[in-house]
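>>> Build me a model:
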Amino acid sequence: MTSQEKTIFVDYVTRVEGESLIDVKVENGEIKELKLNVWEPPRFFEGFLVGCKYSDVAEIVSKICGICPVAHMLTAQRAVENAMNFTPSQQARRLRDLLAWSQNLSSHVLHVYFLAAPDFLGYDSAITMLPKYGDAVKRALKMKTVANGLTTIVGGRAIAPPAAVLGGFSKLPSEEALKRSKEELKGIRQDAIETVKLVAQLKIPDFERETEYVAIRGEKEYAINEGYLYSSKGIKAPEREYRKYISEVQAPHSNAKWSKVIGRDSYQVGALARVNLNQDQLSEDSKTAIEENGFKFPTDNPFAINVAQAVEIIQSIDACINIIDEILPLKDETPNVTVAPGEGHALTEAPRGLLYHSYRINRRGQVERAEIVTPTAQNTLNMENDLKALITQNIDLPTDKLTFLCEQLIRAYDPCFSCSVHSLKLRITKLWPR
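Predicted structure coming up:
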């Protein structure tokens, strides 16, 4: 039997951070090969951290990502502190939580409105949405301004905030500024509720694939900066045991690695994993938004990542308000970390999901070993597995619609491909009988 080859090539898919290539070969209606090839070059952060002074690590890693500098900074600080057996004050820990939530709010608003929404509303970008959805775009800009403002108040600036240092904070935020930010957060709570309503109106593709979800979980509250490793299939372990449960191998066709739960398969991290696993710890406003808009969690639909992010916008606002109430008035503190050799590990939740840092520090305070595993690096194999199932279920769609569906799925994950190599090119080859 002879076959006819059909090739589809999409140069770049916009509204993702970084570049990759998808190569799909379909023969007689069945996928013979699918590769998600992250071809961005490695950035060698782990390599050039070796030999650095312990106190410089957090500032260096904050430059890994312009969207998630806070997550890298805080995770590195906690890992180095764990290596030196140092525990920050409760006030410092709560200020770090406040920083992390402000970053989560800013990142989710960016993704929901400017990266994902155009897909579902039929636009190329948020700019082209303005004539019909101008109020929604203004709402997004308002929320992002408040979020960035809070990051600046607590950390000193919105990107790579310098006030967050090893042991605590080099300068405490102004109490008056925190009170003003609290009122601003209250002022955007309705905007967050409207965001969930907007997402509820979007037509999310009907697709599910059974998946393991991994996140951190707190003992008493929805975790963002501290917690234990937790999964939907039974993992419950301290953060230092991350490598006991998660393995990495180099993908043969990609610069990114594949992460798997040892003895099982790929897994998903991110907003959907957090909501699926920790829905009981959401704020009352967040739970109400889920119920009133007819959402159901847990769900195995990866397109619901957009829904989970919208819910977490409300969660972020409520968490920030609660933390500000809890920490005021602030007490003067001077960070004081004593150098000691050791090995430390830390897990936090970046906006895109679980973030792991691990360092070995010698008695001179120098880094001897460094390991950083980003959320997208953990999601890469799961994205590939989702793509295989999605294409299989929709194999009879016209090629242009199938291509767009794949793009939607990748963008739903909100990937940072640049960070994953410790946008998108799509090529599908179909072989049909003559």
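>>> From here on, just use CA atoms for contacts and neighbour counts.
Noted.
>>> Low-confidence bits of the stretch 1-150 of the chain, can you list those?
Scanning the stretch 1-150 of the chain with the threshold set as pLDDT under 70 gives 1-21, 37-43, 66.
>>> Go again with 80.
Across the stretch 1-150 of the chain, the ranges flagged by pLDDT under 80 are 1-29, 32-45, 64-68.
>>> All the helices of it, residue numbers only.
Using DSSP state H, counting those that start in this stretch, the helices found in the stretch 1-150 of the chain span residues 45-49, 57-61, 69-83, 90-109, 117-121, 126-155.
>>> so of those helices, which one's packed in deepest?
helix 69-83 (a mean of 27; mean count of other Cα atoms under 10 Å).
>>> CA atoms only for that one, dumped as CSV, please.
The C-alpha trace of helix 69-83 is given here as CSV (Å, rounded to 0.1, in the frame of the first residue of the first chain):
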residue,chain,number,x,y,z
PRO,A,69,12.4,36.2,40.2
VAL,A,70,10.7,36.1,43.6
ALA,A,71,10.2,32.3,43.5
HIS,A,72,13.8,31.6,42.5
MET,A,73,15.1,34.0,45.1
LEU,A,74,13.0,32.7,48.0
THR,A,75,13.6,29.0,47.1
ALA,A,76,17.3,29.5,47.0
GLN,A,77,17.3,31.4,50.3
ARG,A,78,15.4,28.6,52.0
ALA,A,79,17.6,25.9,50.5
VAL,A,80,20.8,27.7,51.7
GLU,A,81,19.3,28.4,55.1
ASN,A,82,18.3,24.7,55.4
ALA,A,83,21.9,23.7,54.5
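>>> helices and strands around it, which ones?
The contact analysis (3 or more Cα pairs under 8 Å, 6 or more residues apart in numbering; DSSP states H and E) places helix 69-83 against helix 57-61, helix 90-109, strand 342-350, strand 353-361.
>>> Apply 10 Å and report the result again.
helix 57-61, helix 90-109, strand 164-165, strand 342-350, strand 353-361, strand 367-373 (3 or more Cα pairs under 10 Å, 6 or more residues apart in numbering; DSSP states H and E).
>>> how far does it sit from the chain's center?
Between the centre of helix 69-83 and the centre of its chain there are 16 Å (Cα atoms, centre = their mean, to the nearest Å).
>>> quick check: angle from it to strand 342-350?
For helix 69-83 against strand 342-350, the angle by axes from the mean of the first three to the mean of the last three Cα atoms, to 10 degrees is 150 degrees.
>>> Spit out the contact partners of residue 246.
259-267, 378 (Cα atoms under 10 Å, 6 or more residues apart in numbering).
>>> Could you do residue 167 as well?
55, 77-78, 80-81, 86-89, 92-93, 333-338.
>>> Likewise for residue 35?
21-25, 251-254, 381, 384-385, 387-388, 426-427.
>>> I'd like to know how many residues surround the residue lying closest to residue 154 once chain neighbours are set aside.
Here the nearest residue to residue 154 in space, its sequence neighbours aside, is residue 173; by Cα to Cα, 6 or more residues apart in numbering that works out to 5.1 Å. The burial count assigned to residue 173 is 18, neighbours taken as other Cα atoms under 10 Å.
>>> one step back: now rank the contacts of residue 246 by neighbours and give me the top one.
residue 378 (28 neighbours).
>>> which stretches of the stretch 201-350 of the chain have low pLDDT?
For the stretch 201-350 of the chain, the stretches with pLDDT under 80 are 250-257.
>>> ok so, going back, got the contact list for the residue nearest to residue 154?
Residue 173 sits next to 95, 150, 152-156, 163, 330 when contact means Cα under 10 Å, 6+ apart.
>>> so where does it fall, helix or strand?
Residue 173 is part of no helix or strand when elements are defined by DSSP states H and E.
>>> can you give me the end-to-end distance of stretch 366-386?
End-to-end distance of stretch 366-386 (Cα to Cα, to the nearest Å): 41 Å.
>>> before we move on, the earlier item: what's the closest of the helices of the stretch 1-150 of the chain to residue 243?
helix 69-83 (14.3 Å; Cα to Cα).
>>> check contacts around the residue sitting nearest the centre point of the chain.
With distances taken as Cα atoms, centre = their mean, residue 352 lies nearest the centre of the chain, 0.7 Å away. Contact partners of residue 352, counting by Cα under 10 Å, 6+ apart, are 68, 104, 107-108, 269-272, 305, 309, 374-376, 379, 413-416.
>>> try it again with 7 Å
Taking Cα atoms under 7 Å, 6 or more residues apart in numbering, we find residue 352 in contact with 270-271, 375, 414.
>>> Name the member of those with the most neighbours.
When neighbours are counted by other Cα under 10 Å, residue 271 leads the contacts of residue 352 with 29 neighbours.
>>> didn't it look like it was pressed against residue 305?
Yes. If you go by Cα atoms under 7 Å, residue 271 and residue 305 touch, sitting 6.1 Å apart.
>>> so which two of the contacts of residue 246 are the farthest from each other?
It's 263 and 378 that sit farthest apart of these, by Cα to Cα, at 15.7 Å.
>>> just to revisit the earlier point, closest one of the contacts of residue 35 to residue 60?
Among the contacts of residue 35, and counting by Cα to Cα, the member closest to residue 60 is residue 254, at 25.7 Å.
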